[in-house]
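S.K.: I need the structure of the sequence given here:
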Amino acid sequence: MPRSRPLRLELLEDRSVPATFGNPWPDGMHLTLSFAPDGTVIDGASSNLDQSLSALGSAAKLEILRAFQSWAANSNLNIGLVADGGQNFSSGAAIQSDSRFGDIRIGASALPGDVLAVTAPFNLFSSYSGNVVLNSTGVFSIGGKNGTRDLFTVFLQESGHSFSVGNSPDTSSAMYEYYLGTRTGLSAGDIASIQNLYGVRQNDGYEGSAGNGTLSSAWRYSEPVEADLTRTTDVDCYRFTTPLLFSGTTISLQAAGLSLLTAKVQVLDADGKVVATASTTDPTKNDLTLQLSNLKGNSTYYVRVSGARNDVFGVGSYRLSIANGLVNTVDNTVGLLSSELGLNDTLSKATALVQQTVTSTAQYDYVVRASLAASADLDFYHIRTPSAPGGAALNMVALAWGLGASQIDSRIEVYDTGGNRIATEVLTNNEGAFVLQLRNVNPNTDYFLRVGSDSNRIGNYEVAVDFNTTPIDFSMSGTGTLSNTCAQQTAKLNVQMSQQMHFVLKANQSDADATVIMTIRDSANRVVCQLSTQAGDTQSADVFLADGTYTVTVSIVSSKPGPLPTLSYQLAAFGITDPVGAQQSDTTSAPEGGSSTSCEPPSQGSSSSWSSTSSSDGSNWF
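M.R.: The predicted model follows:
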């Protein structure tokens, strides 16, 4: 058939930016996906995914999940299906694991006819990462019949973009930018690309040296396990002993929210005879529970876990629990991951993290999940920078975010081996997510991370650390100074194409008792975004700005009477997406405008200038 318009989202700048293909998710083994309900706001429009797919029935969403799982089954990835609360796609959220919706969200709205879908790669700034918007004006089918676009093929590329895989010039690749017809799966090049970002799928910690695929090598069960079927032929066996007196046994396998695995669970007696079986072939309903009342007391039994399907849905992670006593439902409640207090609260007691890579690669170097178990709890971690090509200097990016409902207001600080705190750049501090950057760190050098909560909250969190040779730079930045004679500065911001934007506001003097506030108003003088930060701190905000002219005001307020203190600030921004101009070969649509600003003191007007820097693509900030 004739070559048609490309599937691609957009081509981003060559410069190193937080939202570009090739940047992996920090924790690929715990990713989630959700389908946004109709009416969810996406860039000012209402999603109509269910309406758009209604003619294809329930099989449509299964085809979408099959596309995502095709990547996950071939790498160190999991994608678990979760519910979506319908929040705006532009809502602030944790880097991963927000309890309101999936890390990756699927929606649909009317897009220009030259795009089939729009997808955002992973970024360090907002929950827009990985989201896919299907063009609701397109005609899709299952199998690409009668000249329509095959839904699986479309999402095979879009899911690759969600995982931060870029386009490929190889026509055999699912990431080839033009739709060439129905595809059945990934090419060898696609598999190499996804493994370069996330690595080869690893055996779980219960395999042992000989594996645990047979009854003779079964892992002795003592507590709930989180394990993995790494391939469709993988089998995991566990051994347990019933008490002398008990009312029954409940065996629960949870995969919902963890992966798209469809599993088969068998219970065998000491002679290897199957006494109970449960299985599911539906990845949208993939939890299993066996309630057994006929097991003998003080006897050995085995649980054998395998894939119920021999396709990509036969791979994935699961949680297995064996409880003596009958229950009616699977208990998916997750408490604190660790209840330690004081074990790593100081630099000298820092937990040494295991380095995942020994050289600078696309994969994250360190990932850890833990808990703040008390309001004053602190956790210190010891890390070491990897080697770099030719001994080049590295740049550290460290992320922390609350898991699930744990909005702990996390914060990371970096220390050297002498216990000295090192100044860092804050890239994100919003909605429980915290990201910092430290430039020019030396290879093979020790550092310490301090993790705590700004609001002294208790809960689970995750930390990820990445080292790379190219620093993250904002495309737009400006500076200014506020004082009693210049309490407010105002300038215009021209947005030439609608886009999601990330703003970072830093107030420099830590000893000033004052707050700096940034306010963005549209042409009708309506407030569309407001961001504030205390002196000596940095905060960030994400907002979708439709094309047009905006007024940006930065002002200072003090809680004390009398003259205002003098306080300098830094304001930076980055355009995360460009959903309207998805076919532009370069994002020349970065917000730009004049260089003049106005300064307004508390009671009279005067003029001043806003110091700004030019971005690498030639656009000016304000």
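S.K.: so which strand or helix has residue 93?
M.R.: For residue 93, there is no helix or strand it lies in under DSSP states H and E.
S.K.: so where do the strands sit in the stretch 451-600 of the chain?
M.R.: Counting by DSSP state E, counting those that start in this stretch, the segments of the stretch 451-600 of the chain that form strands are 459-468, 476-482, 488-495, 499-507, 514-521, 527-534, 538-545, 548-558, 567-575, 596-600.
S.K.: let me know which of those is the nearest to residue 179.
M.R.: Closest approach to residue 179 among the strands of the stretch 451-600 of the chain is made by strand 499-507 (25.0 Å; CB to CB). All C-beta spots, glycine's among them, are computed from the backbone N, C-alpha and C.
S.K.: partner strands of that closest one and their direction?
M.R.: Sheet partners assigned to strand 499-507 using DSSP bridges are listed as strand 538-545 (antiparallel), strand 567-575 (antiparallel).
S.K.: avg pLDDT for it?
M.R.: Computed over strand 499-507, the mean pLDDT rounds to 88.
S.K.: just give me how far it sits from the chain centre.
M.R.: Distance, stretch centre to chain centre, for strand 499-507: 18 Å (CA atoms, centre = their mean, to the nearest Å).
S.K.: so where's the stretch 301-450 of the chain shaky on pLDDT?
M.R.: Where the stretch 301-450 of the chain drops to pLDDT under 70, the residues are 326-334, 340-341, 356-361.
S.K.: how about the strands in it?
M.R.: Going by DSSP E, counting those that start in this stretch, the stretch 301-450 of the chain shows strands at 316-324, 351-352, 366-372, 379-384, 394-402, 410-415, 421-422, 425-430, 433-441, 446-453.
S.K.: just send the ones you listed back as TSV, with mean neighbour count and distance to residue 338 too.
M.R.: Formatted as TSV, those follow (neighbours: other CB atoms under 10 Å; distance: least, CB to CB, whole Å):
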stretch	mean neighbour count	distance to residue 338
strand 316-324	20	17
strand 351-352	13	10
strand 366-372	20	5
strand 379-384	20	9
strand 394-402	25	14
strand 410-415	20	15
strand 421-422	12	25
strand 425-430	22	24
strand 433-441	20	19
strand 446-453	21	12
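S.K.: quick check: closest non-adjacent residue to the spatially most central residue of the chain.
M.R.: With distances taken as CA atoms, centre = their mean, the residue of the chain nearest its centroid is residue 96 (3.9 Å). Excluding the flanking residues, the one nearest residue 96 by CB to CB, 6 or more residues apart in numbering is residue 103, at 5.0 Å.
S.K.: about what we covered before: mind putting the strands paired with strand 499-507 into JSON lines with mean neighbour count and distance to residue 302?
M.R.: Below are the strands paired with strand 499-507 laid out as JSON lines (neighbours: other CB under 10 Å; distance: least, CB to CB, whole Å):
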{"stretch": "strand 538-545", "mean neighbour count": "22", "distance to residue 302": "50"}
{"stretch": "strand 567-575", "mean neighbour count": "22", "distance to residue 302": "54"}
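S.K.: so can I have JSON lines of the ones you listed showing mean pLDDT and distance to residue 552?
M.R.: Putting the strands paired with strand 499-507 into JSON lines (pLDDT from 0 to 100; distance: least, CB to CB, whole Å) gives the following:
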{"stretch": "strand 538-545", "mean pLDDT": "89", "distance to residue 552": "11"}
{"stretch": "strand 567-575", "mean pLDDT": "88", "distance to residue 552": "8"}
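S.K.: in a markdown table, list these along with distance to residue 71.
M.R.: Rendered in a markdown table, the data for the strands paired with strand 499-507 read as follows (distance: least, CB to CB, whole Å):
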| stretch | distance to residue 71 |
| --- | --- |
| strand 538-545 | 26 |
| strand 567-575 | 27 |
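S.K.: which one, of those strands, ends up nearest to residue 55?
M.R.: Checked against CB to CB, the stretch from the strands paired with strand 499-507 lying closest is strand 538-545, at 29.8 Å.
S.K.: low-confidence ranges in this structure?
M.R.: Those would be 1-19, 326-334, 340-341, 356-361, 577-622, if you go by pLDDT under 70 across the chain.
S.K.: mind giving me the domain split of it?
M.R.: As recorded under automatic domain parsing, the domains making up the chain are 28-198, 219-324, 347-468, 476-613.
S.K.: quick check: end-to-end length of stretch 353-365?
M.R.: In stretch 353-365, first residue to last residue: 10 Å (CA to CA, to the nearest Å).
S.K.: I misspoke; the intended subject was stretch 363-382.
M.R.: Stretch 363-382 has its terminal residues 19 Å apart, counting by CA to CA.
S.K.: picking up where we left off before, what about the residue nearest to residue 96, neighbour count?
M.R.: If you count neighbours by other CB atoms under 10 Å, residue 103 ends up with 26.
S.K.: what of residue 31?
M.R.: Using other CB under 10 Å: residue 31 sits among 26 other residues.
S.K.: hmm, it is touching residue 77, no?
M.R.: Yes: at 6.6 Å, residue 31 counts as touching residue 77 under the criterion of CB atoms under 8 Å.
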